[in-house]
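Chemist: below are the sequence and a predicted model; questions follow.
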Amino acid sequence: MVDSQFFILAFFIGSITIVFLRVILGKKRGKLPPSPRALPVIGHMHLLGPIPHQALNKLSNRYGPLVHFYIGSNPCLLISSPDLAKEFFRNHETSFLNRPKLSNLDYLTYGTSDMAMAPYGPYWKYMRKLCMTELLGTRTLDRLLSIRRDEMNIFVRLIREKAETGEAVDVGAELMKLTNNVISRMLLRKRCSDKEDEAGEVQSIVKEMNSLSTKFNLADSFWFCKNLDLQGYRTRLKNVRDKFDVLMEKVISEHKEARNEKGSAGDGDTVKDVLDLLIDISEDENAEMRLTRENIKAFVMNIFGAGTDSSAVTISWGLSELINHPNVMEKAQEEIESWVGRNRVLEESDIANLPYLQAIVKETLRLHPSGPLVVRESTEDCTIDGYNIPKRTRLFVNLWALGRDSEQWEKPLEFVPERFLSEEWKQQGKFQFLDLRGQHFSLLPFGSGRRSCPGASLALLLVPTVLGRLIQCFDWKAGDGENDDCGVSMEEKAGITLLRAHPLVCHPVARLPFPPV
Ligand code: HEM
């Protein structure tokens, strides 16, 4: 009897204490956005699922477009509507210009000596300016056009050979080799492999780095795991960064030797690649900031990491949609044929005159943004939509959900490129419709604001040109050859990038009677 009285009293006092603490702490913290019930220690991790953008979309369907949640002990904020995305990017972005510090990426980028993970500050601003004016600017892209053309020709030739022998093509894998070779030659004047049909060591390093940088490391969310390596990442991280380092040291030395021989790279017939530009800047005594060797390596790593998979996977989602929508494929092929003809292959300079192909790329990026979540971290307390958001909150803007918002898009889950050609979307001029660079908040595949994607111009040359060539030069039969009418699965794979669950394996059939390249 005494025991039960004691327990009732303890329960009563405990409950009052919890309510009291919640009121006091709640007042101190201010009003937070809606949140599901959290579990001790793990917070809301159990709700995140293997495909985070899909799981987060479920959360916002239930709790609204602004949700507060915890990954372990890290407070997080989720934005999933175009209106709130606009409010955020227009009025609050300055409080969210950092990326969260993540152990795997921190190690790979030589302690955030790169650009993508660097904290917002003078170094990041300097790199951003260099990126937009020099490293990935129009002048550099124009100068390196012949590299992209050359690699695209090799790619078409390879697919044509497979068409002739009736071989199936793993399109995703071939596209990955193509984008790796393009980026590698633009950056380092070096193919990933000397053989035309191999990607070689660089691709395997990039693959391992991309895999490790998108892995969830327990040390980032649980203080008691900080110094433990329960998932065994340390050895893998060290191995791959060491390999990358050896490779980069060799390439930097080769570049420096070539410069010494000629006085400076770019003399004679050598075209300066991005590494030459970085070395120039690092040696310039009057430069605003001195780039270290680690800055150079980490930047190269960024461009490999952010620029290869993203473009390749976008093209394979696009081709998958076209195979599943033969009427759209046919219309695009007709457009290409009427502008480009049958006697030459499509070039980057044709894209401006192919509005339907551009609309296909937009529709692909609407449904399949290869970076489905913009991830940032706040550097100060701020108020969004009347809620108080504390400093060091991780922000997720769900770009995948914005592109599928039923209030913004008619039949949001259907692949209808025509939606981008309607009068409503056209601004002045013939083809100036709906830009993708962060001004239309229902379609933000490259993010928005100061930290938006600096590679968007390159991606918007590469993606439509390669996709256009794939359908100009070939018809595509899906399936393994035994069951050709099965269509293409559009299932997504677990991970934080938008990868296809099943490889896109198809049979190409040559459409043009001549060897096109
Ligand atoms: C279809 C292709 C691509 C897509 C969909 C894409 C998407 C994105 C997104 C959503 C972000 C985050 C933006 C934000 O926080 O607001 C980003 C950042 C970034 N992207 Fe891309 N990207 C693509 C291609 C490229 C290419 C080709 C390059 C380089 C050549 C590149 C380099 C970068 C870098 C360096 C960042 C980090 C910027 C920073 O933190 O300052 N991306 N990209």
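Modeler: Structure received. All values derive from a computational prediction rather than experimental measurement. Numbers count the residues shown, from 1 in each chain.

Chemist: any idea how far residue 146 is from the residue nearest to the spatial centre of the chain?
Modeler: If you average the C-alpha coordinates of the chain and look for the closest C-alpha using Cα atoms, centre = their mean, you land on residue 371, 3.6 Å from that point. Here residue 371 is placed at a distance of 29 Å from residue 146 (Cβ to Cβ, to the nearest Å). Where C-beta positions appear, they are placed from N, C-alpha and C, glycine not excepted.

Chemist: which ones are touching the residue nearest to the centre of the chain?
Modeler: Residue 371 makes contact with 310, 399, 445, 447, 453, 497-498, according to Cβ atoms under 8 Å, 6 or more residues apart in numbering.

Chemist: now those in JSON lines, with pLDDT?
Modeler: Shown next, in JSON lines, are the contacts of residue 371 (pLDDT from 0 to 100):
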{"residue": "310", "pLDDT": "95"}
{"residue": "399", "pLDDT": "98"}
{"residue": "445", "pLDDT": "97"}
{"residue": "447", "pLDDT": "97"}
{"residue": "453", "pLDDT": "97"}
{"residue": "497", "pLDDT": "81"}
{"residue": "498", "pLDDT": "93"}
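
Chemist: nearest to residue 277 among those?
Modeler: Sorting the contacts of residue 371 by how near they are to residue 277, with Cβ to Cβ, puts residue 453 at the top with 19.5 Å.

Chemist: write out the residues of this protein neighbouring the ligand.
Modeler: Applying Cβ under 6 Å from any ligand atom, we find that the chain lies next to the ligand at 115-116, 128, 136, 302-303, 306-307, 310-311, 314, 369-371, 374, 445-449, 451-455, 458-459, 463.

Chemist: among those residues, name the buried ones.
Modeler: If you count burial by 16 or more other Cβ atoms under 10 Å, the buried members of the residues of the chain next to the ligand come out as 115-116, 128, 136, 302-303, 306-307, 310-311, 314, 369-371, 374, 445-449, 451, 453-455, 458-459, 463.

Chemist: where helices are concerned, which of those residues count?
Modeler: With helices identified by DSSP state H, the entries of those that belong to them are 128, 302-303, 306-307, 310-311, 314, 458-459, 463.

Chemist: for the ligand, what is the nearest residue in the stretch 1-150 of the chain?
Modeler: Nearest to the ligand in the stretch 1-150 of the chain, going by Cβ to the nearest ligand atom, is residue 116, at a distance of 3.6 Å.

Chemist: now the strands for the stretch 151-300 of the chain?
Modeler: According to DSSP state E, counting those that start in this stretch, the stretch 151-300 of the chain carries its strands in the segments 169-170.

Chemist: in it, what residue comes closest to the ligand?
Modeler: In the stretch 151-300 of the chain, the residue that lies nearest the ligand is residue 183 (6.5 Å; Cβ to the nearest ligand atom).

Chemist: wait, that residue touches residue 308, no?
Modeler: Yes: under the criterion of Cβ atoms under 8 Å, residue 183 lies in contact with residue 308, with a separation of 5.3 Å.

Chemist: elements contacting the helix or strand that contains residue 105?
Modeler: Under the criterion of DSSP states H and E, residue 105 resides in helix 103-108. Secondary-structure packing of helix 103-108 (3 or more Cβ pairs under 8 Å, 6 or more residues apart in numbering; DSSP states H and E): helix 200-213, helix 233-262.

Chemist: turn the ones you listed into JSON lines, including mean neighbour count, mean pLDDT and distance to residue 470.
Modeler: Shown next, in JSON lines, are the helices and strands packed on helix 103-108 (neighbours: other Cβ atoms under 10 Å; pLDDT from 0 to 100; distance: least, Cβ to Cβ, whole Å):
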{"stretch": "helix 200-213", "mean neighbour count": "19", "mean pLDDT": "86", "distance to residue 470": "20"}
{"stretch": "helix 233-262", "mean neighbour count": "15", "mean pLDDT": "91", "distance to residue 470": "30"}
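
Chemist: want to try TSV for the ones you listed, with distance to residue 489 as columns?
Modeler: Below are the helices and strands packed on helix 103-108 laid out as TSV (distance: least, Cβ to Cβ, whole Å):
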stretch	distance to residue 489
helix 200-213	22
helix 233-262	30
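
Chemist: quick one, which of these gets closest to residue 471.
Modeler: Once these are compared by Cβ to Cβ, helix 200-213 is nearest, at 25.2 Å.

Chemist: residue 124 touches residue 117, doesn't it?
Modeler: No: in terms of Cβ under 8 Å, residue 124 does not count as a neighbour of residue 117; the distance is 9.4 Å.

Chemist: wouldn't residue 72 be in contact with residue 41 here?
Modeler: Yes: because the distance of 7.2 Å satisfies Cβ under 8 Å, residue 72 is recorded as touching residue 41.

Chemist: okay, and the common contacts of those two?
Modeler: Listed as contacting both residue 72 and residue 41 by Cβ under 8 Å, 6+ apart are residue 222.

Chemist: who has more neighbours out of the two?
Modeler: Per other Cβ atoms under 10 Å, whichever of residue 72 and residue 41 has more neighbours is residue 72, with 18 against 12.

Chemist: list the contacts of the more buried one.
Modeler: Residue 72 makes contacts with 41-43, 45, 218, 220-222, as judged by Cβ under 8 Å, 6+ apart.

Chemist: which SS state does residue 497 fall under?
Modeler: coil (DSSP: H, G, I helix; E, B strand; the rest coil).

Chemist: picking up where we left off before, out of the contacts of residue 72, who's the most crowded?
Modeler: Comparing the contacts of residue 72 by number of neighbours (other Cβ under 10 Å), residue 43 comes first, having 22 neighbours.
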